[in-house]
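> task: produce atomic coordinates for the following.
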Amino acid sequence: MMESCGASLFSTSTPLRTTPPLPFPSAPRYQQHHHHHHRHRTNLTSLLQDTGWRNMLLWMLLLFLFFPSTCFLQQALAEVIYQDYVSWTPPLQIRGYRLFPDSQLLEFTVPEASTQSIWKFQSFSDKASCEVKQVYIFLQYGSFPIINLTNKTFPNTFYLKRTFSERFILRSDNRTTVINMDAPRHGPWFAAALLPNPNEKIQQKGILTKCKYSVRGMLVTQTRKGYGQAVANTIVTTTLMHGFESKMKYYKIVLPPLSYLYYFSVLNCTVDSVDTGGCPIYVSIGNGNMPPFDVDEFLINCTNSTENCHLRVVSPNSSGLNFVAFYLRDINSTAPVTVTWQVTTEECEAKSSHIFMENSTDESMAANKSQVAPEFQSKCIILPMLGQFSSASENFNSIYVFPNEFLMPKRNNTLVVPDTHSLITGFNVRFLSNSGGTIGITLHFDKQKLSENQTATIYMCIVKDGFPDVHNLENCSNGALLSIESADDQQHHQRIHIPYPEFGDYYVALISRCYSIERNQTVEPCHTFPSARFTIIQSRCLNEKCGHYGHCAEYISGLFVFSACRCFAGWKGYACTDDTDANSDSLELLAVMLLTLSNGFFIPAIILAFYRRFYLEGVVYIFTMFFSAVYHACDASNLYQYCMMKYDVLSFSDFLGSYMAVWVTLMAMARLPDKLRTIFDVMGALFLALAVDYDKHSLLLNVVPLVLGIGMVFLSWGYQCRLRHHCYPTWRRYVFCLLPGVILALVGLLLFTLFETETNYKYVHSLWHILIATSIVFLLPGRRELPDGSSKVFFLAWYLCSLLFDAVRKCCRRCW
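Next up is the predicted model:
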């Protein structure tokens, strides 16, 4: 009856529980809802805060006078402990995914001490007639999401384990996809939204209505405003009661700064001061977040026996965000439960660590380990943190090195790695400024300083936000493992890469193991400590490269800067290593040859234009053929690429030449007077150059010159028909020239506008070149009649050119 005592006074409709979340049964991880309306929420907490402290006492007095039932007051005061935060993102347009910049990044911030979060995503299109598509949402904590659509997206050396990373699918039907999460980590979260299947159809701009898809997000978090503190290595007593808030208690565990492990254990548990052997509670541990009750790894059921109510926690959070929560189970008795518990720790040492650094790798130190081992009582030794040496002129270009005694960067990170203690150092990845690149960690083995009758293996374990488990470095279950053996003559180093690393502190632990050659590779103490060198470098993409089928570039999405590979020849992936849809080198060469050599079909049109004395048209056709060929030589394939000029210049020249070829052909067909034709040719060139520079893909740029040109042809021909009193031109020209030319041009235009895709582009576009160039041969009018006296001018020009040619030929002969 306790939950219903306040139902008659306040009606709430909220996505979050204002009461503490109960552990059982747990809610589904995500589900879809269609929200038709939302009711306003009346929150007693906000009312108390708005009225001030004076009025709050008056409200409490009124509650006691008019509502003697204490259950409502408990519920009202309990709401003060929890507070809701809401954030939204604006709608962002999403595209088909080919590479990482095609995704849209949505950023959310989860406050500290959050006990529950709800993400809501909606996807929709700009028109009701658009197709409903699937939209992928990649949600990740701490950095940009790792998008992995296939299993071949990343190289084998990449470490992809994340604190939290999950993919969700929603539909673009404006419905809401809700993702519930208990105890999320505080800090930045990123969601990458994309359409998994890009549209391969190449559509002429403006012909067909293009659907635009967008996505927006919302985050609602519930945070706990108060919790206790428990200092490690001290005994703590907690009392739980069956009241509304008293049945759950949260504590923040204060650990020593060099702790790599702690043990939680319940020492005693009494129900109404009576030891019952068991304890009717659940205990949950939070490592970097508030304790969740839906994760079995950190959940303890103490009901059966207090002796089993303990937990070993490795790699506690180095930022101090370590929590424990107690939840009282529902039992028949209403007596209070008293729990006595303790947290004990194991810690590293940070003294005399310089003896393992680079300046102490001589034989006298390394050979006599008996002088080194007794100095340290712990299992691990803390070395200085690595400093970041960054390039001032480039993003994501830095190296992590030890500082020397003058706090200047050392040239390399060389260590003598003992087998008796673990060496631990670390480095920091800054939010945003370091998140958009790739961290590369390489371990090198110095085999020259080993004992002759031993082999050695060096293990390196990298863990985020906590010291590695020094008792089990060889497995490194909660981090990334590197190991290298002295007996392996083929491999002198091992490497891992962390793409788009999460922000925070990363800790690196090293230890060695030596094996006897004479005793069948059994483990024994090292006669000489092996030496190792490791490098930690941040770079763009994969060591500033993207393999043979891509190039690295930086991109900006809102406020976020990141590097990504732009792949070509059908290759995909973070480093262009996914060959699922890759083209062969021969197919890429074929595409270049087709798109460039198909422009050779302009040669008959050029010869015919000069033969029929259409010299301006012939020059335009030469210009079109040349720049179309060199443009496609630069654009068709990045594998076989030749760019004579800047890409923008080639693109402008190609489009201008294509439109000018159509325009001058129509002007020639119109048979205008020479002076008027010259004016229209020049005006067409000027306006087409302006239009191409403004928007070369505009539909108007295709339609307007074509309509004006055809209109002028019909007007001119109509005028000629009126003057001659018969059809102009002759019916034979209509049947044998104009009809085939128009058919070829229309077929080419239909192929160009309706049937081109990314896959068949090399074939269809090459056929478009052939059809348009061939249509000119049929559409170009008959031989022009020269004006009076013009034949003498052309003869004189030909004579002067021949004299100049003879002079050059004679000069060359003398030089040879």
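
> now do residue 242 against residue 335, distance only.
For residue 242, the distance to residue 335 (CB to CB, to the nearest Å) stands at 8 Å. Any C-beta I mention is one placed from the backbone N, CA and C, and that applies to glycine too.

> just residue 414 next, same as before
On the measure of CB to CB, residue 414 and residue 335 end up 63 Å apart.

> out of the two, which sits in the busier spot?
residue 414 (19 against 14; other CB atoms under 10 Å).

> how much space between the more buried one and residue 536?
13 Å.

> cool, residue 751 as well?
Per CB to CB, residue 751 is found 54 Å from residue 536.

> who has more neighbours out of these two?
residue 536 (21 against 17).

> hmm, the more buried one is touching residue 387, no?
No - Residue 536 lies out of contact with residue 387 (CB atoms under 8 Å); the separation is 10.8 Å.

> common neighbours of those two, please.
residue 400 (CB atoms under 8 Å, 6 or more residues apart in numbering).

> domain parsing for the protein?
2-224, 228-347, 353-539, 590-779, 787-816 (automatic domain parsing).

> which SSE is residue 220 in?
Here residue 220 sits within strand 213-224, counting by DSSP states H and E.

> helices or strands next to that strand in the packing?
Where contact means 3 or more CB pairs under 8 Å, 6 or more residues apart in numbering; DSSP states H and E, strand 213-224 is packed against strand 82-88, strand 92-94, strand 104-110, strand 114-125, strand 134-141, strand 187-194.

> and stretch 630-647, how far out from the chain's middle?
Offset of stretch 630-647 from its chain centre (CA atoms, centre = their mean, to the nearest Å): 28 Å.

> what's the mean pLDDT across it?
Stretch 630-647 comes out with an average pLDDT of 91.

> can you give me the strands for the stretch 401-550 of the chain?
Ranges of strands in the stretch 401-550 of the chain, per DSSP state E, counting those that start in this stretch, are 413-416, 422-429, 438-446, 454-464, 480-485, 493-499, 504-516, 523-524, 531-539, 550-557.

> pLDDT (mean, whole number) over the shortest one?
Per-residue confidence for strand 523-524 averages out to 90 on the pLDDT scale.

> adjacent strands (with direction) for it?
Partners of strand 523-524 in the sheet, by DSSP bridges, are strand 504-516 (antiparallel).

> between the partner strand and strand 422-429, how big is the angle?
Counting by axes from the mean of the first three to the mean of the last three CA atoms, to 10 degrees, strand 504-516 lies at 150 degrees to strand 422-429.

> can you state the direction angle for strand 504-516 and strand 480-485?
Interaxial angle, strand 504-516 versus strand 480-485 (the same axes, to 10 degrees): 30 degrees.

> thinking again about what came up before, so which of the domains of the chain gets nearest residue 549?
Closest of those to residue 549 is domain 590-779, at 7.1 Å (criterion: CB to CB).

> now residue 596, what's its secondary structure?
Using DSSP: H, G, I helix; E, B strand; the rest coil, the structure places residue 596 in helix.

> shaky segments in the chain?
For the chain, residues meeting the criterion pLDDT under 70 lie at 1-81, 151, 199-209, 244-245, 351-377, 392, 447-449, 489-490, 785-816.

> done for today, thanks.
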